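*Asks:* only the shape, not the letters, is given here:
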Ligand code: FES
Ligand SMILES: [Fe+2]
């Protein structure tokens, strides 16, 4: 009996890259470190350009605890600012989205700004004349913003490498599947606050092994003879992509997906791309899904789900894409409720000191059920927060890598 209990209390007999200390899913100090060490220090996807459809369109959101607005200016340029009035800190907007006219007006003392961030008006400016202060001395605080394939990214910290360098070889995969000459459009958006640590949702999105959870995936994917022939491609900064593989939708009575394919896709194929730290781009032949994550607390995570088709879709084509999207991924689709119930149930165990270590030890030469992509994620996580994933209590001062097999630069 003692032997059986000690197996739960001591680290598993595996290399340290192959398991994770579950305190990384529950500890509030680690949660704060992730905010600054990861979410403020990477390129974070905030929306797709089609969600800013008009000159003056904006979206308000939070990145790494910082309130931001993303705005399409009257020059058609997309910019990001802190959603904070420089006068006394009132939020510039309190809606999640909308359209500005020529100006942004703060509701508190009615100062105004243009969509480039300049202050254009101070109410009763005469009061500042004795101290020589005027609207030219103030403006909105800008945030670095870059776009690839219509995806709008921001970086809170100014020393993050350019987006192209951050993405590395993943940039080419994005250009293939979100090409500028065939622009995409978001047609579905929903979000939910789920009761788990954000990394458990990343695990769920990254991992092909849990396809055993889904009846749909068991019948349409796992049963395919060449399912295990595909390979993961792991890139620096822990971005990754798996080869496309054809699903058999007929096995569950769903229609084939051979026409109206999304850019770069094969008939009936499934493709999954992960951008560190939180973005999953998943394409099922005729429709794309993009997930993004906003951590709220160690055990609370907002996930936003977007469904995308082509901007040029006919009404009939869009109906097909919408149907294909909702069959699997809609809020009442086959897979999403199953995934959410799994990660929320896991989180309950993570908060329990009887369960100390999770196992990420599968080695299958980068085939779909290999855990290398998850190991790569946790090593990247550890480098960025300055801790070892397998021993969350220990801080590290160096950037030593324990080594994950299979990371390629091309
Ligand atoms: S806080 Fe915005 S105008 Fe005063
Ligand atoms: Fe799933």
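*Replies:* Sure, I can see it. From a predicted model like this one, the values you see are computed outputs, not experimental measurements. Ligands and ions are numbered 1, 2, ... in the order given.
*Asks:* can you list the weak-confidence ranges in the stretch 201-350 of the chain?
*Replies:* Within the stretch 201-350 of the chain, not a single segment meets pLDDT under 70.
*Asks:* for the closest residue to ligand 1 within it, which residues count as its bridge partners?
*Replies:* Residue nearest to ligand 1 within the stretch 201-350 of the chain: residue 294 (25.2 Å; Cβ to the nearest ligand atom). Bear in mind the C-beta positions are built from the backbone N, C-alpha and C, glycine included. Residue 294 has these beta-bridge partners by DSSP bridges: residue 302.
*Asks:* residue 302 is in contact with that one, correct?
*Replies:* Yes: contact criterion Cβ atoms under 8 Å: residue 294 and residue 302 qualify, at 4.3 Å.
*Asks:* if you count what's nearby, which of the two comes out ahead?
*Replies:* residue 294 (20 against 17; other Cβ atoms under 10 Å).
*Asks:* let me see the contact set for that one.
*Replies:* 61, 62, 63, 198, 301, 302, 304 (Cβ atoms under 8 Å, 6 or more residues apart in numbering).
*Asks:* so residue 20 sits in a strand?
*Replies:* Yes: the assignment for residue 20 (DSSP: H, G, I helix; E, B strand; the rest coil) places it in a strand.
*Asks:* of the contacts of residue 294, which is the most crowded?
*Replies:* Most surrounded of these: other Cβ under 10 Å gives residue 198, at 27 neighbours.
*Asks:* related to what we said a few turns ago, got a markdown table for the contacts of residue 294, with secondary structure and distance to residue 38 too?
*Replies:* Formatted as a markdown table, these follow (DSSP: H, G, I helix; E, B strand; the rest coil; distance: Cβ to Cβ, whole Å):
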| residue | secondary structure | distance to residue 38 |
| --- | --- | --- |
| 61 | strand | 17 |
| 62 | strand | 15 |
| 63 | strand | 11 |
| 198 | helix | 10 |
| 301 | strand | 14 |
| 302 | strand | 16 |
| 304 | strand | 18 |
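*Asks:* let me have those residues in a markdown table, adding distance to residue 161 as columns.
*Replies:* Formatted as a markdown table, these follow (distance: Cβ to Cβ, whole Å):
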| residue | distance to residue 161 |
| --- | --- |
| 61 | 23 |
| 62 | 23 |
| 63 | 17 |
| 198 | 23 |
| 301 | 26 |
| 302 | 27 |
| 304 | 25 |
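*Asks:* and the contacts of the helix or strand hosting residue 281?
*Replies:* In this assignment (DSSP states H and E), residue 281 forms part of strand 279-284. Residues from elsewhere that reach strand 279-284, judged by Cβ under 8 Å, 6+ apart: 45, 174, 177, 202, 205-206, 247, 257, 262, 265, 269-275, 288-292, 324, 328-329.
*Asks:* just checking, which of the residues you listed belong to strands?
*Replies:* 45, 269-275, 288-292 (DSSP state E).
*Asks:* what is the nearest of those to residue 221?
*Replies:* Of all those, residue 270 has the smallest distance to residue 221: 6.7 Å, by Cβ to Cβ.
*Asks:* show me what that closest one is bridged to.
*Replies:* Taking DSSP bridges, one finds residue 245, residue 284 as the beta-bridge partners of residue 270.
*Asks:* can you tell me how far it is from residue 249?
*Replies:* The gap separating residue 270 from residue 249 is 10 Å, by Cβ to Cβ, to the nearest Å.
*Asks:* which of those two has more neighbours?
*Replies:* Set side by side, residue 270 and residue 249 show more neighbours around residue 270, with 25 against 22, by other Cβ under 10 Å.
*Asks:* so which bits of this protein are right by ligand 1?
*Replies:* Listed as neighbours of ligand 1 in the chain under the rule Cβ under 6 Å from any ligand atom: 85, 87, 88, 90, 106, 108, 109, 111.
*Asks:* how about the third one, what does it touch?
*Replies:* In this structure, residue 88 makes contact with 108, 109, judged by Cβ under 8 Å, 6+ apart.
*Asks:* residue 396 contacts residue 390, doesn't it?
*Replies:* No: taking Cβ under 8 Å as the definition, residue 396 is not a contact partner of residue 390, at 11.3 Å.
*Asks:* out of these two, which sits in the more crowded spot?
*Replies:* residue 390 (22 against 13).
*Asks:* which one is the more buried one nearest to, not counting chain neighbours?
*Replies:* Nearest non-adjacent residue to residue 390, counting by Cβ to Cβ, 6 or more residues apart in numbering: residue 16, 4.3 Å away.
*Asks:* and the residue nearest the centre of the protein?
*Replies:* In the chain, the residue lying closest to the centroid (Cα atoms, centre = their mean) is residue 279, at 2.5 Å.
*Asks:* distance-wise, check it relative to residue 241.
*Replies:* Counting by Cβ to Cβ, the gap from residue 279 to residue 241 is 12 Å.
*Asks:* check residue 235 too.
*Replies:* Applying Cβ to Cβ, the value for residue 235 to residue 241 is 8 Å.
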